[in-house]
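Enquirer: My questions are about this predicted structure, shown below with the sequence.
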Number of protein chains: 2
Amino acid sequence: MSNHKTKNALRDYSHIPKVVIKRLSKYHSVLEKLDTEGIKNVSSQNLSHEVHVKASQLRKDLAYFGEFGTRGKGYDVSYLHGVIGDILGLKKEWAVVLAGLGHLGYALVSYRGLEKKGFKIAGIFESDPKKIGRNVHGMRIYSIDDIGRVVKDSDVKIGIITVPVDAAQKVCDAMVDAGIKAILNFAPVILHPRKPIFVEIVDISGELSILSHYLTFHAI
Amino acid sequence: MSNHKTKNALRDYSHIPKVVIKRLSKYHSVLEKLDTEGIKNVSSQNLSHEVHVKASQLRKDLAYFGEFGTRGKGYDVSYLHGVIGDILGLKKEWAVVLAGLGHLGYALVSYRGLEKKGFKIAGIFESDPKKIGRNVHGMRIYSIDDIGRVVKDSDVKIGIITVPVDAAQKVCDAMVDAGIKAILNFAPVILHPRKPIFVEIVDISGELSILSHYLTFHAI
DNA sequence: GAATGTGAACGTTTTCACAGCA
DNA sequence: TGCTGTGAAAACGTTCACATTC
């Protein structure tokens, strides 16, 4: 193949399948573990096995973005970890805001894994006047009315919604108005953003429905 | 409305795509909302629009399981809600066990949505001796050593893991040994069950990675 | 020799377009 | 006429198999 040098630059990274990105995130975690264990090199065979996918799929996933391995040898663990971190956007520190400091919101605020991946909570929004103005884990709790300012001040692009169902759409609207570009929604309701932003859903009941369907029709 | 004959009985419900089940779960939620609003009838057009999918996709999804609508009219809201509930296995009350009563575990224990979908927490497992033997929301907290008995007594098929990363594999093994057939895993690690059971993953860092990849390569 | 990278084959899911029915 | 149900086509994602490279 010619054009080896400019190849990566010519690629279009914008409509990679979401499943690929999900798997990339798993490779990233496993590579991180291998790296801390001092393992220097890994084959597509070994790495893919850890993630329960086929070796050819791992190689195809990486092929969307370029060539990162050495034939006959495998992948440099630390290098590939870095490359995937870049692809996932984890080299930047992302400021996020979180709305709803119930049990779930508190769980996420306390979850150290977010910081490890470069997500920093720039503000927490609550409707309960008793909580507003206080601090939790060193983070300030605001009224939703202040979201525009906080988003602007900290250049926030991502919002996390952990409010009750009935408040979710209202909060979504406030986030979109404030300039949020992507939302992670934990409320069990389908959001209809006024502008076409990116919404990821974490639906616990949905996941449990899959399990119960599986148990009903497969093997009990 | 009852011309469905033996067609349904002939179908094989066992390897329906997981995406279809996920969407079914969303249709189910929306139908529930419409039902409580007193809406009697809905077209594939209207229902699919609520869930952000194409009308043809909704119809194809339902076609896996049978014919439930009336040509020229649409779907009976209450009837279709019931049908999908059956398909998802929500007519049965599923006993589940939850391991790990940290913030996230506590959030799920307090989450009334589980009961609404027919999931009842039969036992909570903790490693902290100070919590063992106590009650939370009327539910008993056990040592993981008791999981075999609890699973047997309550005929539990589903386990939820909300323990820290380092303990997750050990808990997974204990659940599989106890006879659990399906696991919902919130720990940020890939589980390797000793037997080939069904594992669903809720990976918050993974979902956030998708958002950050999107923001990096699409529109910031 | 060993393991990557990739075109081609394959399988699955989505969408189209319209026949069939109330 | 209006809307479902469904074959056929298109789009998409996965796996195979092997040429390529170290």
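Expert: Happy to help now that I have it. Numbers count the residues shown, from 1 in each chain, chains lettered A, B, ... in the order given.
Enquirer: bridging residues for the residue nearest to A:Gly69 when sequence neighbours are not counted?
Expert: Excluding its sequence neighbours, the residue lying closest to A:Gly69 (Cβ to Cβ, 6 or more residues apart in numbering or on different chains) is A:Tyr75, at 4.6 Å. For glycine as for every other residue, the C-beta is placed from the backbone atoms N, C-alpha and C. With DSSP bridges as the criterion, A:Tyr75 is bridged to A:Val42.
Enquirer: right, and A:Tyr75 touches A:Leu58 too?
Expert: No. Using Cβ atoms under 8 Å, A:Tyr75 makes no contact with A:Leu58, being 9.4 Å away.
Enquirer: picking up where we left off before, what's the local residue count around the residue nearest to A:Gly69?
Expert: Residues near A:Tyr75, counting by other Cβ atoms under 10 Å in any protein chain shown, number 24.
Enquirer: same thing with A:Lys73?
Expert: A:Lys73: 9 neighbours (other Cβ under 10 Å).
Enquirer: How about the one 5 residues further on?
Expert: Burial measure for A:Ser78: 15 neighbouring residues, criterion other Cβ under 10 Å.
Enquirer: For it, which non-adjacent residue is closest in space?
Expert: A:Asp35 (5.4 Å).
Enquirer: how near is the one you found to B:Ser29?
Expert: A:Asp35 sits at a distance of 41 Å from B:Ser29 (criterion: Cβ to Cβ, to the nearest Å).
Enquirer: do the same with A:Lys40
Expert: 48 Å.
Enquirer: which of those two has more neighbours?
Expert: B:Ser29 (24 against 12).
Enquirer: average pLDDT for the host helix or strand of the more buried one?
Expert: Element membership of B:Ser29 [criterion: DSSP states H and E] is helix B:18-36. Mean pLDDT, helix B:18-36: 98.
Enquirer: circling back: mind listing the shared neighbours of A:Tyr75 and A:Leu58?
Expert: A:44, A:47 (Cβ atoms under 8 Å, 6 or more residues apart in numbering or on different chains).
Enquirer: And the helices in chain A, which stretches?
Expert: A:7-10, A:18-36, A:44-50, A:55-63, A:77-88, A:103-110, A:113-116, A:147-153, A:165-178, A:204-217 (DSSP state H).
Enquirer: For the third one, which residues meet the burial criterion?
Expert: By that I understand helix A:44-50. Of the residues in helix A:44-50, A:44, A:46-48, A:50 count as buried by neighbour count, 16 or more other Cβ atoms under 10 Å in any protein chain shown.
Enquirer: likewise the longest one?
Expert: Under the neighbour-count criterion of 16+ other Cβ under 10 Å, helix A:18-36 has A:20-35 buried.
Enquirer: one step back: what about the helix holding B:Ser29 and DNA strand D, touching?
Expert: No. Against DNA strand D, helix B:18-36 shows no contacts by Cβ under 7 Å from any atom of the strand, the least distance being 10.0 Å.
Enquirer: quick one: that helix to helix A:204-217, angle?
Expert: For helix B:18-36 against helix A:204-217, the angle by axes from the mean of the first three to the mean of the last three Cα atoms, to 10 degrees is 110 degrees.
Enquirer: list the helices and strands helix B:18-36 packs on?
Expert: Judged by 3 or more Cβ pairs under 8 Å, 6 or more residues apart in numbering or on different chains; DSSP states H and E, the packing partners of helix B:18-36 are helix A:204-217, helix B:44-50, helix B:55-63, helix B:77-88.
Enquirer: got the contact list for it?
Expert: A:188-190, A:203, A:205-206, A:209-210, A:213, B:42, B:47, B:50-51, B:53, B:57-58, B:61, B:64, B:77-78, B:80-81, B:84-85, B:87-88, B:90.
Enquirer: In chain A, what helix or strand scores lowest on average pLDDT?
Expert: helix A:7-10 (a mean of 42; mean pLDDT, DSSP states H and E).
Enquirer: show me what contacts A:Tyr13?
Expert: Applying Cβ under 8 Å, 6+ apart, the residues near A:Tyr13 are A:64-65, A:87, B:217.
Enquirer: at 7 Å what do you get?
Expert: A:65, B:217 (Cβ atoms under 7 Å, 6 or more residues apart in numbering or on different chains).
Enquirer: Torsion angles phi and psi at it?
Expert: Main-chain dihedrals, A:Tyr13, degrees, to the nearest 10: phi -90, psi 10.
Enquirer: again with the one 3 residues further on
Expert: Backbone torsions for A:Ile16, taken as degrees, to the nearest 10, come to phi -70, psi 140.
Enquirer: Can you pull the domain assignment for chain A?
Expert: Per automatic domain parsing, the structural domains of chain A span A:2-87, A:94-206.
Enquirer: Comparing those domains, which yields the minimum mean pLDDT?
Expert: domain A:2-87 (a mean of 90).
Enquirer: near DNA strand C at all, it?
Expert: Yes. With Cβ under 7 Å from any atom of the strand as the measure, domain A:2-87 is seen reaching DNA strand C through A:43-45, A:55-56, A:59-60, A:62-63, A:67-75.
Enquirer: roughly how far is that domain from the heart of the chain?
Expert: Remark: domain A:2-87 is offset 17 Å from the chain centroid, using Cα atoms, centre = their mean, to the nearest Å.
Enquirer: Equivalent analysis for stretch A:113-125, please.
Expert: 11 Å.
Enquirer: which of the residues in that stretch are buried?
Expert: A:113-114, A:117-119, A:121-125.
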